[in-house]
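# What would the 3D arrangement of this be:
(chains A and B)
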Amino acid sequence: MVDSKMVLTGQTIAYTIYCIVIILLVAWFAWKVTHEGNGKGVKPAIFYTFVGFLTVLGVSLHLITLNTIPWTKVDLNRSEYTPDKTFTITVKDHQFILPSEKMIINVNDLVLFDVKSEDLTYGFGLFRKDRSMLFQMQVVPGHRNDVLWRFDRPGIYTIRSTEYSGPKGSHMVIDDAVEVVSGNGAN
Amino acid sequence: MNFTKTLINGEEGLFKSETLTPMQKLTLRFVVVGLVYFGFVVIEGMLMRLYEVKPLPFITEPQFFAILTAHPLVGIFGSTYSIVCGAFLFLVPYLMKKPLWSIKMGNWTFILITAGTFIFWSAGFVSHYSPLYTLYWPLPADFSQFSVWGGTFFILGIAIVMAGTALFIINIFKTITYTPEGWEKQRAGALLSSALGVTGFNNLFRKNKKEHLVPLPVAAVARGSVDMALNTITILFTGVLILVYMVGAILGFDLKETAIDALLYKNWFWWGLDLIADGLVLIFVAGTWYLLAMMITGKPLFMQNIARAALLVELVVSWTVWSHHLLSDQAQPSILKVLSGEMVTAFELITQGLAFFITLATLWSARPLKMTNPLKFLLGGLLGFALAVPAGIMQADVGLNRILHNTQWVVGPHVHVAILVGLTMTLYSAIYILFPILTNGARVYSQKLVNIHFWCHLVGGIGMGAFMGMAGLSGMLRRSLYVNGEFNTTMILAALSGTLILVGFIAFFFNIVMSVGLKGVLGIFTPARIRTRDLLPE
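From the prediction side, this is the model:
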């Protein structure tokens, strides 16, 4: 299944190729515009084609991600799903208050993290052992902050606040707080 | 001329500050102060870059976050606003072929922006007040973490900058619409309609098209100034709100922080902030590209009517685009995330893409061109936005935002490349093209230093953005500290890129000082000897 690491790899490849192309294009333009010319302008047809290309590109990006990134539709319609497991977490005074020391999840479970802030705006993110991000959301006081996530492989995750809440916020890290296990280890 | 003489009198002694008009002096003061504040920003940026590699013993964590708070605000208000206000207070009357409505008001804009920036910067430096520019409620009023007095002076400084901005906006619109003494009466309403794009819009439905009374770059300045006005109101309102809590705390009242809805506040504040980031910056930049392209080529702009229409679309887009900052806020309605956050934001790819194409097509029509300094930096600025805008469109996606929000990706390939490479190089291009006009023919001291500045800034800016982006894709957050060298490979490379920017800036600053001389720099700040409202001496 597509996970966030795979999505970021795809994005890295696509954006790197784009960057190389646009840098070469501007370099080519800089050379051409200063070395030769007949004073002829650009045809309007090229301009309108470019406008059409940008329009298609702008719209298609979101259509592609909607249909290829597995969590997008789940996220936009999460009230329609029934989670296999729900964890209620409170944040206060720059501390995460977890329901248990370690939150255990079975592979392929659809899990709802319902996080409530009692003072400031925080963030809630899960990170892999190699520090890459699995997902994150904002935690705004006075509002419901919930994210639904399907864990499709075993792993151990660190919780970290992903939003600045003052200098103390940088230390809001709980290592190995979430463990995804094969079989029915969580029951 | 030997080195010491050039340092004192400038290149060949060509720059004579006593020959400057009040308007030239005003503009040059804005530029000098803007560049000094840019120096602040570069040094602050380098300190943070080094701290991200290894915490520096003379900087505490609260101090680091105070620098992080001041850094973008000094960059935008102290540096960019100064240079932009100075340039536009000169260019609008220059293009309208009439004097600025009020030089006195222009001077007040200069004083207020310069002083306001220094006040909020000092307040942060002394008290370590650090709610960041985002000011997410109730953090700015969290007096268990921050000094209430430090915060009060910080917010007052920002409010003073906003007061200066308000005077700038009044001056710009009055200059466009007023009739100078002794001139035939000008129709203020018609000029305003042309500047704001109403005439152009109505022309779509008219058989007999009305002519545009206002040049295209002035129309861009006017439309960007609308966003500037709305943003000023938003920031002033927010500042007053925060000050109420601060004054309450000073007087011993604990105003209940929950009286303000944090999500509504966040929507309001991002709506206002995006009028800068996705509004006036893009509109001013597009207008500046068009002006530079026309000045470099001496030719009319390619697809001028489309360019005018695109500026109007950009203005409307900037009012409806803010929700892309709230894609990770789960209480934000999904319809706003998709419509405002994704779809309207994607429009920026089109409007900025059009400006990019139109500028290149205008340059193309005049080839072969000489690779002058303004052209060189303009191409750098165009490249910067061509790299940064798609990076922004990618993160403004519901699916991708879940794994990109608040990572170094956002501030690297998007924010820093847009500002450092796109915006700043466009401003350098404008400075180089205006330099002989504003200095009555002074000459740049060293072309080699210009080239060093150009390549160091371009490579350093793109490099820094790229390495920050790589760190972000590996999970490194912005606004967080990693003190155990977790992301050292990319952070060391980003710091080396930052060093290149610093070297480039030193080369540029030294070159400018050597061009006008220390005597000339001081002379810019003395009262003008020529009493005239004209922009240039006769």
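# tell me the contacts of the closest residue to residue B:284 other than its chain neighbours?
Leaving out its chain neighbours, the residue that sits closest to residue B:284 by Cβ to Cβ, 6 or more residues apart in numbering or on different chains is residue B:224, at 4.4 Å. No exception for glycine: its C-beta is placed from N, CA and C like everyone else's. The contact partners of residue B:224, taken as Cβ atoms under 8 Å, 6 or more residues apart in numbering or on different chains, are B:279, B:280, B:283, B:284, B:287.
# now swap in residue A:92 and tell me
Counted by Cβ under 8 Å, 6+ apart, residue A:92 has contacts A:117, A:118, A:119.
# in the sheet, who's paired with it?
residue A:95 (DSSP bridges).
# what about it, distance to chain B?
With distances taken as Cβ to the nearest Cβ, to the nearest Å, residue A:92 is found 12 Å from chain B.
# what's the pLDDT at that residue?
pLDDT for residue A:92: 97.
# Against residue A:10, how distant is it?
38 Å (Cβ to Cβ, to the nearest Å).
# cool, and residue A:106?
Residue A:106 is 28 Å from residue A:10, by Cβ to Cβ.
# So between those two, which is more surrounded?
residue A:106 (18 against 13; other Cβ atoms under 10 Å in any protein chain shown).
# List the beta-bridge partners for the more buried one.
residue A:181.
# I figured it hits residue A:183, correct?
Yes: proximity of residue A:106 to residue A:183 meets the contact threshold set by Cβ atoms under 8 Å, at 7.0 Å.
# about what we covered before: so which of the contacts of residue A:92 are in strands?
residue A:117 (DSSP state E).
# which one of the contacts of residue A:92 sits closest to chain B?
Ranked by distance to chain B (Cβ to the nearest Cβ), the contacts of residue A:92 are led by residue A:119 at 7.5 Å.
# So what's the residue count around that closest one?
Residue A:119 has 17 nearby residues by other Cβ under 10 Å.
# Tell me the spatial nearest neighbour of it, not counting adjacent residues.
Using Cβ to Cβ, 6+ apart, the closest residue to residue A:119 is residue A:92 (5.8 Å).
# neighbours around the nearest residue to residue A:35 once chain neighbours are set aside, how many?
The shortest distance from residue A:35 to any non-neighbouring residue, by Cβ to Cβ, 6+ apart, is to residue B:368 (6.0 Å). Residue B:368 is flanked by 13 other residues according to other Cβ under 10 Å.
# can you check residue B:236 too?
Counted with other Cβ under 10 Å, residue B:236 comes out at 17.
# Which helix or which strand is home to it?
Secondary structure from DSSP states H and E places residue B:236 in helix B:216-250.
# I'd like to check the angle between the helix or strand that that helix is followed by and helix B:216-250, please.
Using DSSP H and E, the helix or strand that follows helix B:216-250 towards the C-terminus is helix B:262-275. Put simply, helix B:262-275 runs at 150 degrees to helix B:216-250, going by axes from the mean of the first three to the mean of the last three Cα atoms, to 10 degrees.
# Tell me which residues of helix B:262-275 come out buried.
Neighbour counts using 16 or more other Cβ atoms under 10 Å in any protein chain shown place B:262-263, B:265-275 of helix B:262-275 among the buried residues.
# can you redo those as a markdown table with pLDDT and distance to chain A?
Below are these laid out as a markdown table (pLDDT from 0 to 100; distance: Cβ to the nearest Cβ, whole Å):
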| residue | pLDDT | distance to chain A |
| --- | --- | --- |
| B:262 | 95 | 5 |
| B:263 | 96 | 5 |
| B:265 | 95 | 10 |
| B:266 | 95 | 7 |
| B:267 | 96 | 11 |
| B:268 | 94 | 13 |
| B:269 | 93 | 11 |
| B:270 | 94 | 12 |
| B:271 | 94 | 16 |
| B:272 | 93 | 17 |
| B:273 | 91 | 15 |
| B:274 | 91 | 17 |
| B:275 | 91 | 21 |
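# Residue B:127: which of those is nearest?
residue B:269 (22.0 Å; Cβ to Cβ).
# Wait, the closest one touches residue B:234, no?
Yes: contact status for residue B:269 versus residue B:234: in contact at 7.1 Å, counting by Cβ under 8 Å.
# What sits closest to the residue nearest in space to the middle of chain A if chain neighbours are left out?
Geometric centre of chain A, nearest residue: residue A:135, 5.4 Å, by Cα atoms, centre = their mean. Excluding its sequence neighbours, the residue lying closest to residue A:135 (Cβ to Cβ, 6+ apart) is residue B:402, at 5.1 Å.
# And for residue A:85?
residue A:111 (4.9 Å).
# Next, work out how far apart the residue nearest to the centre of chain A and residue B:478 are.
17 Å.
# Contact partners for residue A:176?
Contacts of residue A:176 by Cβ under 8 Å, 6+ apart are A:102, A:156, A:157, A:158.
# and those residues, which are buried?
Judged by 16+ other Cβ under 10 Å, buried ones among the contacts of residue A:176: A:157, A:158.
# Would you mind listing where the chain has pLDDT under the threshold?
Defaulting to chain A. A:184-187 (pLDDT under 70).
# that's the other chain; I wanted chain B
B:1.
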